[in-house]
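J.: 3D, please:
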Amino acid sequence: RGQQIATVGTGGGRYFAHLHFEMREFITPFIGPGYREDTRGWLDPTAFIEAHRGAPKDDVGRVPTR
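T.: Numbering: from 1, shown residues only. Here you go, the predicted model:
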């Protein structure tokens, strides 16, 4: 937590500011699934997000008691 995971840009003014989120097993300058036919190496982030999500909804905003 607390690490930069992305940079939002505008493509040199060609696009509105937006962010692509993708997880992959390799380094490449190419954007991922949805923009290319070959999707090998890109990962479904669902399992990672589920395993690393923040506090459960019922725990948010609780005040610790002594």
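J.: element containing the residue most central in space within the chain, please.
T.: By Cα atoms, centre = their mean, the chain has its centre lying nearest to residue 21, at 4.1 Å. Following DSSP states H and E, there is no helix or strand that holds residue 21.
J.: just residue 49 next, same as before
T.: Under the assignment here (DSSP H and E), residue 49 is part of helix 46-52.
J.: dump that helix to PDB, restricted to CA.
T.: This file holds the C-alpha atoms of helix 46-52, laid out as PDB (Å, rounded to 0.1, in the frame of the first residue of the first chain):
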ATOM      1  CA  THR A  46     -10.200 -10.800 -10.300                       C
ATOM      2  CA  ALA A  47      -8.400 -13.300  -8.000                       C
ATOM      3  CA  PHE A  48      -5.600 -10.800  -7.100                       C
ATOM      4  CA  ILE A  49      -8.000  -8.000  -6.300                       C
ATOM      5  CA  GLU A  50     -10.200 -10.300  -4.100                       C
ATOM      6  CA  ALA A  51      -7.100 -11.400  -2.200                       C
ATOM      7  CA  HIS A  52      -5.700  -7.900  -1.700                       C
END
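J.: and the contacts of it?
T.: Helix 46-52 has contacts (Cβ atoms under 8 Å, 6 or more residues apart in numbering) with residue 23. Every C-beta, even on glycine, is put in place using the N, C-alpha and C of the backbone.
J.: what's the answer for stretch 20-29, then?
T.: Outside stretch 20-29, the residues touching it (Cβ under 8 Å, 6+ apart) are 6, 31-33, 41-45, 48.
J.: with only the CA atoms kept, save that stretch in PDB.
T.: Only the C-alpha atoms of stretch 20-29 are listed here, as PDB (Å, rounded to 0.1, in the frame of the first residue of the first chain):
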ATOM      1  CA  HIS A  20      -5.900   1.500 -18.300                       C
ATOM      2  CA  PHE A  21      -5.700  -1.200 -15.700                       C
ATOM      3  CA  GLU A  22      -4.100  -4.500 -16.700                       C
ATOM      4  CA  MET A  23      -2.000  -7.200 -15.200                       C
ATOM      5  CA  ARG A  24       0.500  -9.200 -17.200                       C
ATOM      6  CA  GLU A  25       3.300 -11.700 -16.900                       C
ATOM      7  CA  PHE A  26       5.700  -9.800 -19.100                       C
ATOM      8  CA  ILE A  27       6.900  -6.400 -20.000                       C
ATOM      9  CA  THR A  28       5.700  -4.900 -23.300                       C
ATOM     10  CA  PRO A  29       4.800  -1.500 -24.800                       C
END
